[in-house]
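Q: next comes the sequence, and after it the predicted model I'd like to discuss.
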Amino acid sequence: MNYWHMQMHPGDRKDEFPPYLIKDIINKKKIIGLGDSWNNKNGDPVTAPEQFKNEIRVGDIVVIKQGQTPISIVRVLGDAYHLNTVDGSFDWFNLRRKIEILDFYQDDYNFYIPQPRGTLSICNDLSTKTSQVVINWYELAKRKNLMNSINLSDQRIEVIKKLWEKYKQKFSENKLNDIANDIEQIQAEWKKYKDKIVDGTFSIEDYTNRIDKDKDQMPGGYLCNFLERTTKSVFGSAKPAGSALAFGVKLNENGSYSIGKNRSNESIEEANKEFNEKIKPLFEGVALCENAIDKASIFENSEYQAKQILRKLAVLDHMNDFLFIYSDMIDYLHSDFLKSETSSNLAKNHELRLVVNKLLDVKDTPVESVLLSFFLWKYGNAQGLADENSPNVILYGPPGTGKTYEVTNNLDFVCQGEQNRYEMLQFHPSFTYEDFIEGIKPKGVTKDGNIKFELVNGVFKLFCIRAKKECLKAIEKKRDPKPFYFVVDEINRANLSSVFGETLSRLEKDYRHNVANKDGLNLIKTQYSSLIEQLDKDKKSELAYELINGQAYFGVPSNVYFIGMMNDVDKSIDTFDLALRRRFKWIRKDCDYNVVLDETKYKNGNDFGNIEEYVAACEKLNNYISQDLGLGRSYEFGHSFFMKMKDIAKRPSITENNIEQLFNLYLKPTLKEYLRALYPESELDAKLFLALDIFKNLFSKKQK
């Protein structure tokens, strides 16, 4: 993207070509243009019309001026075209381009164009006064347009503001100082790499792992590791999808190189050729590019696989222009906050940062950037569980994958401690419709010693009544109703068709009760409705979700989100019939090895010296269980099992004995039960011995 400034007539006299006329043309026609026969007055060999036709590119930014007077800033949308017939009294020029209007100059902007002369000029040197005026106006226009594209209601903006302020209060002064020190150190370490990239000495040994690791040691050992791991404490995780092969070239243990996914035993010469021709130019382009948003165009459409690494490269140079989030989470947050057609991840990131800076009044400091990125990552995860489009969610996967932990933490965050807005319970085989919706249950003893029975509401119906009351209060105060979350752990352990009964259909998004309409649409009769209708007025009002002409109805308010969790090894997902399954969004939770890597610490809080080998061992064990033993992914161990190592290891490095202890205490009993379903008892010990051998294999080799 280039910046230009031009005037749409070679004359400078405002009385002959007044700015209001130029503005009128741009506004009505959505074009800019020149006369195709106009020549440059200074005698340059390339005329302004030739530049206009051949050098301006689609996407370039052009400031329209009259002398020093700014008129409009536009984005070019199309190639140049020629119009034979023009209106001499209005749009007199026949060489044109279609444009998008970004902004018109306003008097309170109070700036002018330092370079008044010249029909058409490109901003080659971005440090000049004129270039800076053009760039600053473009940034101002972007912010204005983005603020007009916000996808959030005023009430929701207020909620996010409160969440942000409350989140920041969790950080002590000491913690903020630690973050500031980490940023300063990482920036100094990044400069060592950037200096090499800029002066051309950046080599394959600086980029990927090296044979002689002690020679000329760089921060993190090599750039990929520095960007992926060393910087993650404050700049966030930028782990690329898949393995380290995504980096393009990787040194193997035998001294050969892997190039991409299909070339696994290549020479240093071939690896250097790949690095110098395809990888090094990308890193040079990103590091040398001075404009934050222009960095996206350098690599987002390239074939380089580890794009998250290059996104972090951009962030390190422009901390206040981006969020420190590199994954598809940006796509979710961007669509949640903005109505914008921007397509690339980094460009979405930049737009989102501009808007959030304004909405939340973010301070222009590195520490505030870190807190903001942490906050929005947490916010995105919390909001992503359930939303208006998917109000019913099932989290499923192996035990120990943090399903309950994730839900409880996220709900505490989004509900700001308002515990009445969420309900958590656990299903079990004896859980019934009467427990869930309504039913006749024992309620004490009569005077003559007989058990007294009463009609009572179940836990879900009571919750729906509570959420409906919140809706009514919100409507009265003309604000959005707060979301309410109903959470069921071990949801597959009850007879779901029986528990939900006829109310199952009301869970569906299109059949939720719109409380604001105050009608009977999407309300249904339950099997106990007729009994409620026979009770006295007070009892009837207490038990009924909705009373219409004395008739009792039930519905699920649109502000209720239903979240279920299940370990699918306990009972197959197949037990969900289609009527249930199609009403839920299914989110699988597997072992997160990044959590093991980040959270499994030695007793003094430092990383274990061989934590990466330990994580690789955990992954090998799970692959053996799911693939070699044929149990499938649902029988793999979740990360919480492997994190128990921090309570076992007593030294800064995890040992083979530690591996055996973890396996025997926490993994073996569970795995043995899994295997009993597939193998005879006589084969179990051999299978378990092999599993342990695979688990500790890496450590056995190291210690030999």
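A: Arrived safely, thanks for sending.
Q: give me the distance between residue 164 and residue 357.
A: Distance, residue 164 to residue 357, using CB to CB, to the nearest Å: 12 Å. Quick note: C-beta positions are derived from backbone N, CA and C, even for glycine.
Q: again, but for residue 381
A: Taking CB to CB, one finds residue 381 at 21 Å from residue 357.
Q: again with residue 628
A: Going from residue 628 to residue 357 by CB to CB gives 51 Å.
Q: what does residue 231 give?
A: Distance of residue 231 to residue 357, computed by CB to CB: 22 Å.
Q: on that earlier part again, more crowded one of residue 628 and residue 357?
A: Counted by other CB atoms under 10 Å, residue 628 and residue 357 do not tie: residue 357 has more neighbours, with 18 against 12.
Q: what sits against the more buried one?
A: Taking CB atoms under 8 Å, 6 or more residues apart in numbering, we find residue 357 in contact with residue 364.
Q: which SS class is it?
A: Per DSSP: H, G, I helix; E, B strand; the rest coil, the local secondary structure of residue 357 is helix.
Q: name whatever forms a beta bridge with residue 484.
A: residue 560 (DSSP bridges).
Q: contacting residues for it?
A: Taking CB under 8 Å, 6+ apart as the test, what residue 484 contacts is 421-422, 463, 466-467, 470, 557, 559-561.
Q: now these: which count as buried?
A: With neighbours counted by 16 or more other CB atoms under 10 Å, the contacts of residue 484 contain buried members at 421-422, 463, 467, 470, 557, 559-561.
Q: could you redo the residues you listed as JSON lines and give each row pLDDT and distance to residue 440?
A: Converted to JSON lines, the buried ones among the contacts of residue 484 look like this (pLDDT from 0 to 100; distance: CB to CB, whole Å):
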{"residue": "421", "pLDDT": "92", "distance to residue 440": "30"}
{"residue": "422", "pLDDT": "92", "distance to residue 440": "28"}
{"residue": "463", "pLDDT": "97", "distance to residue 440": "20"}
{"residue": "467", "pLDDT": "95", "distance to residue 440": "25"}
{"residue": "470", "pLDDT": "93", "distance to residue 440": "29"}
{"residue": "557", "pLDDT": "95", "distance to residue 440": "25"}
{"residue": "559", "pLDDT": "93", "distance to residue 440": "30"}
{"residue": "560", "pLDDT": "95", "distance to residue 440": "25"}
{"residue": "561", "pLDDT": "95", "distance to residue 440": "30"}
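Q: farthest pair within those residues?
A: 422 and 557 (14.2 Å; CB to CB).
Q: so which strand or helix has the spatially closest residue to residue 546 that is not a sequence neighbour?
A: Nearest residue to residue 546 in three dimensions, chain neighbours excluded: residue 553, at 4.6 Å (CB to CB, 6 or more residues apart in numbering). Taking DSSP states H and E as the definition, residue 553 sits inside strand 551-553.
Q: so what touches that strand?
A: Against strand 551-553 from outside (CB under 8 Å, 6+ apart): 520, 523-526, 529-530, 532-533, 540, 543-547.
Q: just to check, residue 330 is in contact with residue 345?
A: Yes. Residue 330 lies in contact with residue 345 (CB atoms under 8 Å); the separation is 5.4 Å.
Q: those two: which has the busier surroundings?
A: Using other CB under 10 Å as the criterion, residue 330 and residue 345 rank with residue 330 on top: 25 against 21.
Q: and the more buried one, what's its pLDDT?
A: For residue 330, the pLDDT comes out at 93.
Q: host element of it?
A: Assigned by DSSP H and E, residue 330 belongs to helix 329-337.
Q: could I get the buried residue list for that helix?
A: Neighbour-count burial for helix 329-337 flags 329-330, 333-334, 336-337 (criterion: 16+ other CB under 10 Å).
Q: turn the residues you listed into a markdown table, including distance to residue 601.
A: Shown next, in a markdown table, are the buried residues of helix 329-337 (distance: CB to CB, whole Å):
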| residue | distance to residue 601 |
| --- | --- |
| 329 | 25 |
| 330 | 29 |
| 333 | 29 |
| 334 | 34 |
| 336 | 33 |
| 337 | 35 |
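Q: out of the residues you listed, who's nearest residue 590?
A: For those, the residue nearest residue 590 by CB to CB is residue 329; the value is 17.4 Å.
Q: what's the closest non-adjacent residue to the closest one?
A: Nearest to residue 329 is residue 380, by CB to CB, 6+ apart, at 4.9 Å.
Q: for residue 430, grab phi and psi.
A: Dihedral angles phi and psi of residue 430 (degrees, to the nearest 10) take the values phi -90, psi 10.
Q: how close does it sit to residue 580?
A: Residue 430 is 19 Å from residue 580, where distance means CB to CB.
Q: quick one: name whatever helix or strand follows the helix or strand harbouring residue 381.
A: Counting by DSSP H and E, the element that carries residue 381 is helix 366-385. Downstream of helix 366-385, the next assigned helix or strand under DSSP H and E is strand 392-397.
Q: any idea of the mean pLDDT in that next one?
A: So the average pLDDT for strand 392-397 ends up being 92.
Q: one more: stretch 692-704?
A: Stretch 692-704 comes out at a mean pLDDT of 75.
Q: may I see the buried residues of the helix ranked longest in the chain?
A: When the chain is parsed with DSSP state H, its longest helix is helix 173-199. Residues of helix 173-199 classed as buried under the neighbour-count rule (16+ other CB under 10 Å) are 176, 179, 182-183, 186-187, 189-190, 193-194, 196-197.
Q: residue 678: what's it in contact with?
A: Applying CB under 8 Å, 6+ apart, we find residue 678 in contact with 629-631.
Q: ok, residue 62 next?
A: When contacts are taken as CB under 8 Å, 6+ apart, residue 62 is in contact with 3-6, 32, 56, 73-76, 99.
Q: now residue 177
A: Neighbours of residue 177 in contact, by CB under 8 Å, 6+ apart: none.
Q: so what strands line up beside the helix or strand that contains residue 424?
A: In the assignment (DSSP H and E), residue 424 maps to strand 422-426. The pairing partners recorded for strand 422-426 under DSSP bridges are strand 484-489 (parallel).
Q: which residue is nearest the centroid of this protein?
A: Centroid check for the chain by CA atoms, centre = their mean gives residue 329 as the closest residue, at 1.2 Å.
Q: ramachandran angles for residue 410?
A: Dihedral pair for residue 410: phi -70, psi -40, per degrees, to the nearest 10.
Q: can you tell me how far it sits from residue 464?
A: Using CB to CB, one gets 21 Å for the distance from residue 410 to residue 464.
Q: higher neighbour count, the two?
A: Using other CB under 10 Å, the more surrounded residue of residue 410 and residue 464 is residue 464, with 25 against 20.
Q: looks like the more buried one contacts residue 555 (just checking).
A: Yes. Counting by CB under 8 Å, residue 464 touches residue 555, with 7.3 Å between them.
Q: next, show the common contact partners of the two.
A: By CB under 8 Å, 6+ apart, the residues touching both residue 464 and residue 555 are residue 545.
Q: for the residue lying closest to residue 424 once chain neighbours are set aside, the count of nearby residues, please.
A: Nearest residue to residue 424, sequence neighbours excluded (CB to CB, 6+ apart): residue 487, at 4.5 Å. Residue 487 has 23 neighbours, counted by other CB under 10 Å.
Q: likewise for residue 307?
A: Neighbour count for residue 307, taken as other CB under 10 Å: 21.
Q: is residue 32 bridged to anything, and to what?
A: Legend: beta-bridge partners of residue 32 under DSSP bridges are residue 97.
Q: residues touching it, list them.
A: 6, 8, 26, 62, 64, 74, 76, 96-97, 99.
Q: which one in those is the model shakiest on?
A: By pLDDT, residue 8 ranks lowest within these, coming in at 84.
Q: what kind of secondary structure is that one in?
A: The three-state assignment at residue 8 reads coil, by three-state DSSP.
Q: all numbers from here: first residue = 583
A: All set: I'll call the first residue 583, so the last point we hit is now residue 590.
Q: does it touch residue 617 like I think?
A: No. In this structure, residue 590 is not within contact of residue 617 by CB under 8 Å, at 9.1 Å.
Q: which neighbours do the two share?
A: Contacts common to residue 590 and residue 617, judged by CB under 8 Å, 6+ apart, are residue 675.
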